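Undergrad: Need coordinates for the below:
(2 chains, ligands or ions: 3)
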Amino acid sequence: MLKFIGKRIGYAVLTLFLIATATFFLVAAAPGDPIAAKVGQMPEQAQAIINEKYGFDQPVTVRYVKYMKNLLTTGDFGESIVYTGKSANDIIKENTLISAKIGLMAIVFQVVIGVLLGMVSALNRGKAVDHLIRVLVVLAICVPSFVFASLLQYFLAFKWKLVPVFGWGELKHYILPVAAYAIGGIASYTKYMRSSTLSVIGEDYIVTAKAKGCSRGRVVRKHVLRNSMIPIVTMIGPALAGIFAGSFIIEKMFSIPGLGFYYVKSVSDNDYTMVIGLTIFFALLFVIALIVVDILYGIVDPRIRVAKGKK
Amino acid sequence: MSEKILEVKNLEVSFRTYAGISHAVRGVDFYLNRGETLAIVGESGCGKTVTSKAIMGLLPESNTEIRKGEGSAILFHGDNLLDYNEKQMSQIRGSKISMIFQDPMTSLNPTMKIGDQIMESILIHQDISKAEARNQALEMLKLVKIPNAEERMKQYPFEFSGGMRQRAMIAVALACKPEILIADEPTTALDVTIQAQIMELIGSLQKELKMAVILVTHDLGVVASVADRIQVMYAGKIVERGVVDEIFYKPSHPYTRALLNSVPKIHTNNKETLYSLKGTPPDLINPPAGCSFAPRCEYGMMVCRKRYPDITRFSDSQECSCWLYHPKADTAGLPEDMIRRRAR
Ligand SMILES: Nc1ncnc2c1ncn2[C@@H]1O[C@H](COP(=O)(O)OP(=O)(O)O)[C@@H](O)[C@H]1O
Ligand code: SF4
Ligand SMILES: [Mg+2]
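TA: Numbers count the residues shown, from 1 in each chain, chains lettered A, B, ... in the order given. Ligands and ions are numbered 1, 2, ... in the order given. You can find the predicted model right below:
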């Protein structure tokens, strides 16, 4: 197992390096001038000073070597072009937690509710509950999250005044964005859980469990649940990694000062350092999440655990 | 001394399918004595598994129709299991009547330790502590002759070979020392060498635990050495039954004879003489009115296709449903022994 994890970490480092390199050159090749966007017209001399400060007077390969050297030795993503005086690291530090909180809360709801609904749907296959759940799932998957966000804002906040529309800081401010974020995921987890439960129910070992004298509830708890969760666990990994990606739109809609909000903004601002820094940061989270999933997967499915242990 | 512990009376099972109603079991009667081995033999699809699962109450509720009342019953110690509700059935399953299945590769829960799977039935049916259950499970593993039982308890099914898994399945089924074991093709999915070992194991455990066994198989060769009585099933009906010697040495029904001819004999190494049954069993959605074997029978007569044959009794134990034994039947071309049996 340890050897396996070590190998995965090796690959992860390589992946990160490739992503960092690709992003660096892509961003450098992108049209648009960050300095111009920031300050507009300014004397040539001043422009030259800023260009020198960020190294834009040098060829891209030289800048790349310098950037990587700095990143590897100090872990510094460099100073933001738009938010002068702040490094990309500062912005990540200040805002990651908010995005992470929203994302994690949403994922917890997605998995818990999705697994429950999926099971209920599968165990009542063909009955009214099943049909209802399936219709709702299709609806929730087809309608984009910003539409839900607007609907929730309109009804819960504006019309019924149950929760605040805007504002940030308290728990109640999380309700709308988390709900809007979670709905699509709930639907997909429900869908996958339903089909995976149905296939587990048809397995021979479920007949064995009944033949042993397991009650219906026990069959579901001890034999169906764990086995039908296996594909769900594989989905949680990418979902964890995508926490931030999912919250971009939501953060923008609800004006939440999260990392997604800054990411979208720095792309439109042409803020090179921020874009590169945040991309590497997201990639880092992604590969970590994938490794965590592999470990989780091994815990749920003994076949993988032992097979890896023996390697 | 023989005490009937199970009696199946006029069992009729049908399934609602997209193609129509499939009459899988069409009036099956039999009984089982304490401690004996009854073999149910027939080609694949003749309703052996459906009969077994009907006894266990394991048929899918959604599309299954089991005839109830008016002479139809599954009597276990005189109580009709068809009247039992799900809860009552689950108290019988695994404790009084157990079942093992054809494919040991898929019949064990892949994410549960072998030890836990054996302990589960013990804990469900007995009011004992986990530690005691663990001890009993360990004893079971030793009883089914799994080496390193202590260690094997903690392993998962995928760490077991096919034969070992079937042993583990047997341990699961017998953990509560049931009165009846239904073994549904327990060796079909295994290598030939392992088949004999598993049959031997079932035989020795049967004696040790004094249980009755219903051995379901499509292979008459498997049952010769272990069964007390054999009943031959065709298209959802029992066409012949008798004690082992009767079935092997005095087979009466043309289908039984065909089955016997397709069993490889130890003394003939000449494979060409091996007879293989031609044709396929009838459609169970529209079963034929007369004898269901008629389309494949080499002795078929006019009457065979019109009316189902009456039962002819040859002894206390042997009987058969075939028109050839009717006094008026045309005996031209019949083998010697069949003619002799008619005369008796
Ligand atoms: N759940 C089911 N739904 C519909 N048809 C079934 C079902 N189970 C069994 N059958 C049908 O019943 C017949 C008998 O099957 P089975 O008892 O499994 O045969 P076997 O003698 O090989 O064990 C087959 O034609 C099979 O297709
Ligand atoms: S009843 Fe007729 S068709 Fe059926 S087995 Fe006997 S001879 Fe053959
Ligand atoms: Mg079968």
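
Undergrad: burial count for A:Val82?
TA: Other residues near A:Val82 come to 18 when the count uses other Cβ atoms under 10 Å in any protein chain shown. The way it works is simple: take the backbone N, C-alpha and C, and place the C-beta from them, glycine included.

Undergrad: again with the one 3 residues further on
TA: Burial of A:Gly85 is recorded as 7 neighbouring residues (other Cβ under 10 Å).

Undergrad: Check whether it sits in a helix, strand or coil.
TA: Following DSSP: H, G, I helix; E, B strand; the rest coil, we place A:Gly85 in the coil state.

Undergrad: For whatever residue of the stretch 151-300 of chain A ends up closest to ligand 1, grab phi and psi.
TA: Nearest to ligand 1, among the residues of the stretch 151-300 of chain A, is A:Gly202, at 10.5 Å (Cβ to the nearest ligand atom). A:Gly202 has phi and psi values of phi -80, psi 0 when expressed as degrees, to the nearest 10.

Undergrad: What residues does the residue in the stretch 101-250 of chain A that chain B sits nearest to make contact with?
TA: Closest contact between the stretch 101-250 of chain A and chain B, by Cβ to the nearest Cβ, is at A:Gly213 (3.5 Å). For A:Gly213, the contact set (Cβ atoms under 8 Å, 6 or more residues apart in numbering or on different chains) comprises B:Ser90, B:Gln91, B:Ile92, B:Arg93, B:Gly94, B:Ser95, B:Ser121, B:Ile124, B:His125.

Undergrad: change it to 10 Å
TA: Going by Cβ atoms under 10 Å, 6 or more residues apart in numbering or on different chains, A:Gly213 touches B:89-98, B:120-121, B:124-125, B:176.

Undergrad: Count the residues that sit near the residue of the stretch 151-300 of chain A closest to ligand 1.
TA: Using other Cβ under 10 Å, A:Gly202 has 10 other residues around it.

Undergrad: B:Glu70 now?
TA: Neighbour tally, B:Glu70, other Cβ under 10 Å: 7.

Undergrad: Strands of the stretch 51-200 of chain B, residue ranges please.
TA: Assigned by DSSP state E, counting those that start in this stretch, the strands in the stretch 51-200 of chain B fall at B:64-66, B:73-76, B:79-80, B:97-100, B:180-184.

Undergrad: Let me have those strands in CSV, extended by mean neighbour count, distance to B:Val303 and mean pLDDT.
TA: Shown next, in CSV, are these (neighbours: other Cβ atoms under 10 Å in any protein chain shown; distance: least, Cβ to Cβ, whole Å; pLDDT from 0 to 100):
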stretch, mean neighbour count, distance to B:Val303, mean pLDDT
strand B:64-66, 15, 30, 94
strand B:73-76, 19, 31, 96
strand B:79-80, 14, 36, 96
strand B:97-100, 27, 39, 96
strand B:180-184, 24, 35, 96
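
Undergrad: Could I get those strands in a markdown table, plus columns for distance to B:Ser107?
TA: Listed next are those as a markdown table, based on distance: least, Cβ to Cβ, whole Å:
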| stretch | distance to B:Ser107 |
| --- | --- |
| strand B:64-66 | 21 |
| strand B:73-76 | 23 |
| strand B:79-80 | 28 |
| strand B:97-100 | 8 |
| strand B:180-184 | 10 |
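
Undergrad: show me the contacts for A:Phe254.
TA: Counting by Cβ under 10 Å, 6+ apart, A:Phe254 has contacts A:102, A:149, A:152-153, A:165-168, A:173-174, A:176-177, A:180-181, A:247, A:261.

Undergrad: could you flag which of these are buried?
TA: Using 16 or more other Cβ atoms under 10 Å in any protein chain shown as the burial test, these include A:Ile102, A:Ala149, A:Leu152, A:Gln153, A:His173, A:Tyr174, A:Leu176, A:Pro177, A:Ala180, A:Tyr181, A:Ser247, A:Phe261 as buried.
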